Structure formats: structure tokens, C-alpha cells
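Peer 1: from the sequence below, what's the structure:
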Amino acid sequence: MSMKEIQAMREKRVKLWEEAKAFAESHKDKDGLLSAEDTATFEKMEADVDRMGKEVQRLERQEAIDLELDRPTSRPLADKPGDKGGQPEKQGRASDTYRDAFWRTMRNKAVPREVLNALQVGENTEGGYLVPDEYERTLIEKLEEENIFRQFAHVIRTSTGDRKIPVVASKGKAQWIEEEAQYPESDDSFGQVNIGAFKLATMVKISEELLNDSVFDMPSYIAREFARRIGAAEEEAFFTGNGSGKPTGILAESGGADIGVTAAKADAVTFDEVMDLFYSLRAPYRRKAVFFMNDGTVKSMRKLKNGNGDYIWQPSPILGNPDTILGRPVYTSSFMPELKTGNKSILFGDLSYYWIADREGRSFKRLNELFAATGQVGFLASERVDGKLILSEAVKVLKQA
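Peer 2: Predicted coordinates:
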């Protein structure tokens, strides 16, 4: 699908939402309520808006991948040896040499925590359909939600030891004084936050036949699968981790974001509460702030109106732009809590004050001998990472009653 068609779908989504709002307003009774039949119609229109939003996001990611894969994979014969056609040769882990050697000699030490997933030939549920004589060369995978936390957080890389991050705890003030009076003392105070490293690991076993005979690119699938597993575990920890054996999440009771508003109800929020959350965050942080919530909470947000009767949730008609609430972007994550008793259901703040420390990056190892007796090859993936909110006042949350 072309960019023009994706843009047309975005505009169709906005139009559908306007039609849904108009339908709801025109079918209310004297008490401002909808009948059961009209409620079902409105909810169907709302579900279509949600479905189209997810489809637009999927198509935009697909378009980006297609553009990447459409790049030339070979150089003209007229090129000189070593000539990259005007493009500088990639270095380090981005180089073609490293990529080719990567799957031949995967390295690093054994991983203590392992998530096992056996893929074998002969069992249909474990890959038995992957090596027939004729096979469609596209592997159909289940869609996974994109890990987007790293897009907003501040990522640093460390080599050894804890990283000590200096933080200004309080700032001094100037005062008005009389002529020749003594200058008042008002010092800044400083603190520090320590970021260490926790180990995240996973493992997959694959039969030798599947590696050698599969008609699609098995190494690429393994890489994607490792990225999916590690990315999902990362995002969950960055939101809800308690700091014990894993990063301290942005919603953690200790070391997490400040509570900006406590809702009056356990399973619902009002426009006034969303507005209070918005202004509980100081203006300097609001310039880059975003909303985070789960899909169920977004559904509730769609029904809220301001004092003028306008819906505060607005679908974006612009290609690549997120939907908004009160003019700020809205993002969803399945790891954000639901609208239930005591949950921190809505997050609003500048996530660049959440720091992620990568220690050594992600590493991989191939085990040729350990599972040789069963005709399998093991692949290990691990990383060492930590994350903490450096300045709690930069992010606020709404907590249910």
C-alpha cells in the first residue's frame, strides 16, 4: 500500500470518528442517554476507528520495512573493488563482514536464566511444516505490539561498574539586598542516582534439519524472535519493574513517577481529573510530555468531553502522527495498568528523564555440542540493562481510587 493510500485511510478514520460523535449526539434522549440499540451502533463505529488506527500503524511499519528492503543489494559491475557506489562502508556491528560472521560464530558465556522453546522437524506444532520439497517462502508470524519505550527514554551505554548520574536536588535563589549589605548564601544541593545492570536472557533450540533445509531466512527469524522476547520483557520492566533483579519501572512505588491525581472512582476518570493530571506536570516538562495508557483506557478517554462539549481525544489525520489528548500525543502499551482499583492507569510526562543504561549491548551464542545428541542447535541471547527515572517530578501518573 502506498503512502497516499495510507493517508487516505487516516482521513477516513477521522471522518468515521466525526460521524460516530454526530450519531451519538443526534440519538440521545431527553436525559442525554442512548438506547441499547444506539449504544451498540456507536460502540461498533468506535471499534472500527480503533481497528483502522491499528491497521494504519501496521501499514506504516510495513511501508518503512519495504523501503529498506527495496534498496539495491548489489553494485554495478563498473565499480572498482572496494567501491561502495559513493556510500561509506559500514563499520563495527553494522558491517557486512560482522553480519556474515555473526551467524557462523555466535559468542558469549552461558546464560543462567533460560526460556526454552523447542522447534523440531516432525511435529506440526513445532515446525514440521517448515521443510517440505515445495514451500511458500514467506513465513507468516503473529503480529506483536511494538516496543516503543526506548523511543522516548534517554539511552546511555556503559562498560563496567555502576554509572553514577548527578542530579540537582534543589537550586539556590537570589534575594533583594540593601546597598553594601552582605550577600546572602544560597547554595545548590546535589544528589546522585546509581544505575547498574541486570541480566535478561532467553534461549531457543532448533533442529539441524530446520536450520539447513528451511527455504526462508531462519537466522533472520531467530534474530526477530530474540528481539521480540527481549523487547517485551524490557518494556514490561521499564513500566512496572520493582528494581529487584530487574530495572526500576516508571510506575514503581519507590523510585517511580509522582502521583499527580487520584481519581474519585476505582474504574473511571473524568475530564476534570485528566485536566488536573495535565497541569500537575510543570510547564517546562509539558513541552515534550506524552500520555501513556492501555487500549481500554483510551476507549474511556474517547467518551470524555470538555466544558464546551467537545471530545478531548482527537484522531490524527496526518501521516505518521499519533492521536492526541489536550494537544499532547497519546501512546498505548499493554503493560500500562487497566482502569481498576488502585492502579496507576494514566501516565503523563517527559520520558527522556527515564534513563536506560545498556551494558555491553545484546550478545548471542550458538551451542553446537550441548544438544548434538538430539540433532539440535541451541541459540542463546542475553543483555545487561538497567533503567531508572532520574527526576520524579518530570512524570506524573493518575491513580485510581
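
Peer 1: stretch 12-21: which residues count as buried?
Peer 2: Neighbour-count burial for stretch 12-21, counted by 16 or more other C-beta atoms under 10 Å, picks out 13-14, 16-17, 20-21. Quick note: C-beta positions are derived from backbone N, CA and C, even for glycine.

Peer 1: closest one of these to I356?
Peer 2: R13 (32.5 Å; C-beta to C-beta).

Peer 1: pLDDT and distance to K265 added to the buried residues of stretch 12-21, as a markdown table?
Peer 2: Below are the buried residues of stretch 12-21 laid out as a markdown table (pLDDT from 0 to 100; distance: C-beta to C-beta, whole Å):
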| residue | pLDDT | distance to K265 |
| --- | --- | --- |
| R13 | 91 | 30 |
| V14 | 91 | 30 |
| L16 | 91 | 29 |
| W17 | 91 | 25 |
| A20 | 90 | 24 |
| K21 | 89 | 24 |
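
Peer 1: return the two entries of those that lie farthest from one another.
Peer 2: Pairwise distances across those peak at 13.0 Å for R13 and K21 (criterion: C-beta to C-beta).

Peer 1: would you map the helices across this structure?
Peer 2: Applying DSSP state H to the chain gives helices spanning 3-26, 36-69, 96-102, 149-152, 208-213, 218-240, 271-280, 283-286, 295-301.

Peer 1: tell me which of those helices approaches L370 most closely.
Peer 2: Closest approach to L370 among the helices of the chain (C-beta to C-beta): helix 208-213, 13.1 Å.

Peer 1: could I get the buried residues of stretch 12-21 as CSV with distance to V193?
Peer 2: Listed next are those as CSV, based on distance: C-beta to C-beta, whole Å:
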residue, distance to V193
R13, 42
V14, 42
L16, 46
W17, 42
A20, 46
K21, 45
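
Peer 1: and which of the residues you listed is nearest to N308?
Peer 2: Closest to N308 out of the buried residues of stretch 12-21 is K21 (13.3 Å), distances taken as C-beta to C-beta.

Peer 1: the closest residue in space to the closest one that isn't next to it in sequence - how many residues pack around it?
Peer 2: Among residues not flanking K21 along the chain, Y311 sits closest, at 6.0 Å (C-beta to C-beta, 6 or more residues apart in numbering). Using other C-beta atoms under 10 Å, Y311 has 19 other residues around it.

Peer 1: so what pLDDT did Y311 get?
Peer 2: With respect to pLDDT, Y311 scores 92.

Peer 1: can you pull the pLDDT of the spatially most central residue of the chain?
Peer 2: Closest to where the C-alpha atoms of the chain average out (C-alpha atoms, centre = their mean) is I148, at 2.0 Å. Confidence at I148, expressed as pLDDT, is 84.

Peer 1: likewise G191?
Peer 2: Per-residue pLDDT puts G191 at 80.

Peer 1: quick check, the residue nearest to the centre of the chain in contact with V330.
Peer 2: No - the criterion here is C-beta atoms under 8 Å, and I148 misses it with V330 at 11.9 Å.

Peer 1: low-confidence stretches in this protein?
Peer 2: Low-confidence segments of the chain, defined by pLDDT under 70: 1, 65-146, 161, 214-216.

Peer 1: can you rerun that using 50?
Peer 2: Scanning the chain for pLDDT under 50 picks out 73-79, 105-115.

Peer 1: give me the buried positions along stretch 228-244.
Peer 2: In stretch 228-244, counting by 16+ other C-beta under 10 Å, buried: 228-231, 233-243.
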